[in-house]
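*Asks:* Take a look and give me a structure for this.
(chains A and B)
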Number of protein chains: 2
Amino acid sequence: MIVVLTGGTGGAKLVQGLQHVVAPEKLTVIVNTGDDVEWWGLHVSPDVDSILYALAGSLSTERGWGLEQDSFRCHERMALLGQPSWFSLGDLDLATHLTRTSLLRSGKALSAVTAELALRMQVHSRLLPMSDDRVATLIETPGGTLNFQEYFVRERHQPDVRAVHYAGAEHAQPAPGVLQSLAAAEAIILAPSNPVTSIGPILAVPGVREALRRTSAPIVAVSPIVGGAALSGPAGLLMKRVGWSSSIAGVAQAYEDFLDVLVVDLEDHADADHLREGDLHVLCANTIMKSLEDKQELARFTVHAALQARSAKV
Amino acid sequence: MIVVLTGGTGGAKLVQGLQHVVAPEKLTVIVNTGDDVEWWGLHVSPDVDSILYALAGSLSTERGWGLEQDSFRCHERMALLGQPSWFSLGDLDLATHLTRTSLLRSGKALSAVTAELALRMQVHSRLLPMSDDRVATLIETPGGTLNFQEYFVRERHQPDVRAVHYAGAEHAQPAPGVLQSLAAAEAIILAPSNPVTSIGPILAVPGVREALRRTSAPIVAVSPIVGGAALSGPAGLLMKRVGWSSSIAGVAQAYEDFLDVLVVDLEDHADADHLREGDLHVLCANTIMKSLEDKQELARFTVHAALQARSAKV
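*Replies:* Presented below is the predicted three-dimensional model:
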């Protein structure tokens, strides 16, 4: 079993690639829920949905989130009715949130609801939210504390960041299957997602970090930092603010207690030489996934690197 | 002030006519909420919405319910996700239910929420749900008890009816403004809505029937029965089952303790003669509202009849 830890956007691209490299039933994806949000009274799990849609083959390639060929008629009408509209939900996408919210209100756990949605979308890989408990990534800014969507979408990650908290993490439990799949994995891949706000919340769930330290599976991370900056989004600034450098060295730092292999972009080959001085294997590849071929190649490269490291580790 | 008691479909047509006859701020509409339903986790008030949309000029003339030019993409996707789909909500329409549900969950009363929705839709007449408390019209059938939407939409009003209950009515209070507007009205109009399932629940709210008996305003009902049968829907059968005849005489019976004038269709002029033997004024008009002209004419006729009766009553 290949286990992937991931956020939404960048991770969804790698997952799309992995689908062509790993048989669906051999893939388990553990997804960040730290940026889940209550929107229009509905429980929205943006990262879970991006991965669901990616695995179902219906993720909008144009937008990178939401469903292909979606429309936004309800959204426009909500704005007309004076409801908040800085966060968009498509008309088709709404069905996911309505279903999730109804099932949660009926008493089901998020992991069970996610499994039901996956089944309905004919997804044959295993998709696990990191926890059934609520963990909220909170961004402390000079103007006050924002939840992740307020910071990222509403404020377009413009405010400076003082600190990042994973509220509720200390009392959260990993969702059923999370620790077991990490222990039993053939290889573990950390997707090129934001180490602070996408992978960070997963690692903050008690037991997950320990499971990664303890597992016999090789752990490979794909760097979301290319040429000293995030490909998209505020990962660079956030990494600095939590005390890591905004570079591939910072990514290595974030995962230093369990990482076996770091895959960095070809552009960072000079920095890669420095990193190699320690225990860490650092490999260079094209990590910028524009086409489906790019995604498949990086996925193949990453899985191959993991299995190589497995031979070395065993 | 002209006060109208109404359900959805037929009543919405008369309300559309009244808009051209009465100034918006002189019109108060008290609406049945006995067929409100929780659908996909949202609070849906079908009759309130029909009247809201009618007053906003955006009721679908094609369907007779919901919004003009709506689409059903979310609905189709819900079916795909295995959610119940026998009741349709349009993509634009969903915004109303999402907004209502959010506002209700925030602790606002249905009447306050309705006023807010009306304001947002630039409706200048007053729209009052009959009660802020939950009253559910339940239909007892040989196969078990159904809520109104299950009976009417899911089962297409095919099952036989043993009894009709207004569950919760005994403890419900009229919404703020209901009794006051009935007491202060210049005229009160009962729309051509089902006497059992549309007007019945309103009359079942403690205090409403008494207010109608006590008011000095003339009370005019437009018969929903034409030629011995309901123009649409199961009013005929339901009236028989609660002990009234399925005729204009049955309508008179339903409202006998407070009605001043009954407007019946031209087709029923012979029956009208018999009814006139008592105290009741019975007037004939074309009550089949196909065009906007029909609606306006019937509205004008009804208001005129009410004001005539007012002179007689005062």
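*Asks:* I'd like to check which residues are in contact with the closest residue to A:His75 other than its chain neighbours.
*Replies:* Nearest non-adjacent residue to A:His75, counting by C-beta to C-beta, 6 or more residues apart in numbering or on different chains: A:Ser88, 5.4 Å away. For every residue, glycine as well, the C-beta is placed using N, CA and C. Neighbouring residues of A:Ser88 by C-beta atoms under 8 Å, 6 or more residues apart in numbering or on different chains: A:Gly66, A:Phe72, A:His75.
*Asks:* which stretch of helix or strand covers the residue of the stretch 101-250 of chain A found nearest chain B?
*Replies:* Using C-beta to the nearest C-beta, the closest approach of the stretch 101-250 of chain A to chain B is made by A:Ser102 at 4.2 Å. According to DSSP states H and E, A:Ser102 maps onto helix A:91-105.
*Asks:* buried stuff in that helix?
*Replies:* Residues A:91-104 are the ones in helix A:91-105 that count as buried (16 or more other C-beta atoms under 10 Å in any protein chain shown).
*Asks:* Which other helices and strands does the helix or strand that that helix is followed by contact?
*Replies:* Where DSSP H and E defines the elements, the next helix or strand beyond helix A:91-105 is helix A:110-120. Helix A:110-120 makes packing contacts with helix A:46-56, helix A:91-105, strand A:126-129 when contacts are defined by 3 or more C-beta pairs under 8 Å, 6 or more residues apart in numbering or on different chains; DSSP states H and E.
*Asks:* Let's have those in TSV, adding mean pLDDT.
*Replies:* Formatted as TSV, the helices and strands packed on helix A:110-120 follow (pLDDT from 0 to 100):
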stretch	mean pLDDT
helix A:46-56	98
helix A:91-105	98
strand A:126-129	98
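*Asks:* how about the residues of the stretch 1-150 of chain A that lie near chain B?
*Replies:* Within the stretch 1-150 of chain A, the positions adjacent to chain B are A:40-42, A:71, A:73-74, A:77-78, A:80-83, A:91-92, A:94-96, A:98-99, A:101-102, A:105, A:116-117, A:120-121 by C-beta under 8 Å from any C-beta of the partner chain.
*Asks:* could you pull out the helices for the stretch 151-300 of chain A?
*Replies:* A:178-184, A:199-204, A:208-214, A:235-241, A:248-254, A:269-275, A:292-313 (DSSP state H, counting those that start in this stretch).
*Asks:* Redo those as TSV? Include distance to A:Thr141, mean pLDDT and mean neighbour count.
*Replies:* Output for those, formatted as TSV (distance: least, C-beta to C-beta, whole Å; pLDDT from 0 to 100; neighbours: other C-beta atoms under 10 Å in any protein chain shown):
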stretch	distance to A:Thr141	mean pLDDT	mean neighbour count
helix A:178-184	31	97	18
helix A:199-204	17	98	25
helix A:208-214	26	98	16
helix A:235-241	10	92	20
helix A:248-254	21	95	22
helix A:269-275	30	88	14
helix A:292-313	33	92	18
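*Asks:* Export only the CA atoms of stretch A:78-91, formatted as CSV.
*Replies:* This file holds the C-alpha atoms of stretch A:78-91, laid out as CSV (Å, rounded to 0.1, in the frame of the first residue of the first chain):
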residue,chain,number,x,y,z
MET,A,78,-26.6,34.1,-2.3
ALA,A,79,-24.7,37.3,-2.9
LEU,A,80,-28.0,38.9,-4.1
LEU,A,81,-29.6,37.7,-0.8
GLY,A,82,-26.9,39.5,1.2
GLN,A,83,-25.0,36.4,2.2
PRO,A,84,-21.2,36.2,2.4
SER,A,85,-19.8,35.4,-1.0
TRP,A,86,-16.0,35.6,-0.8
PHE,A,87,-15.8,31.8,-0.8
SER,A,88,-17.3,30.1,-3.9
LEU,A,89,-19.2,26.8,-4.0
GLY,A,90,-20.4,25.6,-7.4
ASP,A,91,-23.9,24.3,-8.0
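*Asks:* Work out the gap between that stretch and the centre of the chain.
*Replies:* 25 Å (C-alpha atoms, centre = their mean, to the nearest Å).
*Asks:* what's the answer for stretch A:199-210, then?
*Replies:* Averaging C-alpha positions (C-alpha atoms, centre = their mean) puts stretch A:199-210 13 Å from its chain's average.
*Asks:* just to revisit the earlier point, so which elements touch the helix holding A:Ser102?
*Replies:* Helices and strands touching helix A:91-105, by 3+ C-beta pairs under 8 Å, 6+ apart, are strand A:42-44, helix A:46-56, helix A:73-80, helix A:110-120, helix B:73-80, helix B:91-105.
*Asks:* about what we covered before: between the contacts of A:Ser88, which sits nearest chain B?
*Replies:* A:His75 (8.2 Å).
*Asks:* for that closest one, what are its contacts?
*Replies:* A:Ser85, A:Ser88, A:Leu89, A:Gly90, A:Asp91 are the contacts of A:His75 under C-beta under 8 Å, 6+ apart.
*Asks:* Return the distance of A:Ala54 relative to A:Thr6.
*Replies:* Distance, A:Ala54 to A:Thr6, by C-beta to C-beta, to the nearest Å: 10 Å.
*Asks:* where do the contact lists of these two overlap?
*Replies:* In contact with both A:Ala54 and A:Thr6: A:Ala12, A:Val15, using C-beta under 8 Å, 6+ apart.
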